[in-house]
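1. please work out how this folds:
(one chain, ligands or ions: 1)
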Amino acid sequence: MAQIRIDNLRKDFGEFTAVQSSTFTIEDGEFFMLLGPSGCGKTTTLRMMAGLELPTSGEIYIDGQEVGGRRASQRDIAFVFQMFALYPHMNVRANIGYPLRSQGVSRAKTREKVEDIARLLGITDLLDKPVGGLSGGDRQRVALGRAIVREPKAFFMDEPLGALDAEFREHMAEELRALHDRMGATTVYVTHDQLEAMQMGDKIVVMNHGVVEQFGVPQDLYDWPATLFVAGFLGSPPMNKLEFDGTVEQGTGAQVLGGTAFEVPVMREGAQGRIVLGVRPEHVHLEADAPLRAKVVATEYLGTTQIVTLLTDHGEVKARVPSHQRVTEGETTGLRFDARMISLFDADTSRALR
Ligand code: ATP
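-> Numbers count the residues shown, from 1 in each chain. Next up, the predicted model:
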């Protein structure tokens with residue numbers, strides 16, 4: 001097991017900065033997600049941690065030891081790639097045992113270890129089968145088996161489920177998480193899928209354009225995004241953003257928007273100017289008498305809930321309301337926000353006011 005600390009990590013490819021001054025800590029045993037859109041630098045960050053890419057500057061510590069200059073083979077970690085390349089001419093047993101055999105571990109010890117791993121993964125009955133005829137999921141399990149057989153300090157996974165179809169992907173995600181919980185090894189997992197990150201991760205770091213936007217537990221990121229980017233990247237539909245001129249007053253947090261006063265619990269006193277109010281669709285309520293007026297422009301039925309799109313003087317708002325609530329396109333109604341769940345952002349810096 002391992003704690004991994006990243007301090008001011010940076011990677012330049014010529015003129016281009018792929019990762020700039022990243023700092024965060026992955027605690028021992030955590031399932032840690034590197035999340036962000038394509039090209040944000042998550043793979044480069046992971047490759048630097050794994051020793052597959054040299055940092056331009058900054059430090060990487062594994063269990064307190066600086067490893068930035070060490071090669072992957074000297075870091076006692078296992079890298080699981082998106083494409084699970086198995087040895088096609090070997091059976092399952094030989095594929096899983098290969099890392100041990102190539103390190104000179106005895107045949108008997110390898111056999112014992114491989115059978116333990118197969119039990120853990122539920123693939124004992126496949127051990128003597130050739131890998132060629134296996135289903136996608138079983139191939140994933142064999143590849144995982146091969147990665148965990150050495151009992152590395154940490155696992156690094158780059159979109160390991162990326163090639164799977166949606167239903168199977170969800171199933172494998174659950175299995176991966178359960179396997180992690182049984183083994184307890186620190187796992188760093190790259191994904192661009194915010195739902196996957198929130199479902200699987202103990203902690204998430206959100207990256208954008210090579211910059212760490214925020215890191216923390218999923219619910220904190222979801223409820224209290226540090227930047228407008230995080231507010232928009234997490235959640236489906238994302239957080240509503242209403243822009244207005246305002247002053248954040250001391251103490252009470254009273255805000256006036258369309259004649260409505262909001263009590264806002266977290267804030268920076270005295271902030272002034274263009275302010276963005278962020279509120280999740282599930283915290284928007286349609287109430288006929290509420291002072292913030294809005295016109296219903298669309299409804300989308302989702303089973304237990306529906307997403308209602310409304311137009312206000314401050315921009316578009318989406319509300320997630322129960323399906324049984326009667327909403328008619330074209331009608332004008334009032335909007336109330338759960339005051340305790342409102343975030344405020346400085347429109348110029350995109351950062352949360354708090
Ligand atoms: P994706 O999910 O698309 O892989 P990512 O967030 O993992 O995205 P990276 O692969 O880390 O992003 O790449 C970050 C940026 O650095 C991209 O713009 C990419 O083109 C660039 N980059 C990555 N590796 C190299 C390289 N070896 N040489 C030049 N540019 C690179």
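2. which strand or helix spans Ile307?
-> For Ile307, the host element (DSSP states H and E) is strand 305-312.
3. centre of the chain to that strand, how far?
-> 26 Å (CA atoms, centre = their mean, to the nearest Å).
4. could you point out which element follows it?
-> Following strand 305-312 in sequence, per DSSP H and E, is strand 315-322.
5. which secondary structure elements does that next one contact?
-> Judged by 3 or more CB pairs under 8 Å, 6 or more residues apart in numbering; DSSP states H and E, strand 315-322 is in contact with strand 240-247, strand 284-286, strand 305-312. All C-beta atoms are positioned from the backbone trio N, CA, C, and that covers glycine.
6. re earlier: for the strand holding Ile307, C-alpha coordinates in PDB please.
-> The C-alpha trace of strand 305-312 is given here as PDB (Å, rounded to 0.1, in the frame of the first residue of the first chain):
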ATOM      1  CA  THR A 305     -38.200  12.800 -12.500                       C
ATOM      2  CA  GLN A 306     -38.500  15.300 -15.400                       C
ATOM      3  CA  ILE A 307     -36.100  18.000 -16.400                       C
ATOM      4  CA  VAL A 308     -37.800  21.300 -17.000                       C
ATOM      5  CA  THR A 309     -36.000  24.000 -19.000                       C
ATOM      6  CA  LEU A 310     -37.000  27.500 -18.100                       C
ATOM      7  CA  LEU A 311     -36.100  31.000 -19.300                       C
ATOM      8  CA  THR A 312     -35.500  33.800 -16.700                       C
END
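7. any buried residues in stretch 166-186, and which?
-> Neighbour-count burial for stretch 166-186, with 16 or more other CB atoms under 10 Å as criterion, is recorded at 169, 172-173, 175-177, 179-180, 185-186.
8. how about stretch 133-145?
-> Buried, per 16+ other CB under 10 Å, within stretch 133-145: 134, 138-145.
9. please apply the same query to stretch 6-20.
-> 6, 9-11, 17-20.
10. show me the contacts for the closest residue to Arg169 other than its chain neighbours.
-> Nearest residue to Arg169, sequence neighbours excluded (CB to CB, 6 or more residues apart in numbering): Leu161, at 4.7 Å. By CB atoms under 8 Å, 6 or more residues apart in numbering, the residues touching Leu161 are 140, 169, 172-173, 176, 196.
11. would you point out the most distant pair within these?
-> Spanning the widest gap among the contacts of Leu161 are Gln140 and Glu196, at 14.9 Å by CB to CB.
12. could you double-check that Thr227 lies in contact with Val211?
-> No. Between Thr227 and Val211 no contact is recorded; they are 9.4 Å apart, counting by CB atoms under 8 Å.
13. show me the strands in the stretch 151-300 of the chain, by range?
-> 154-158, 186-191, 203-208, 211-216, 240-247, 254-257, 260-263, 272-279, 284-286, 292-301 (DSSP state E, counting those that start in this stretch).
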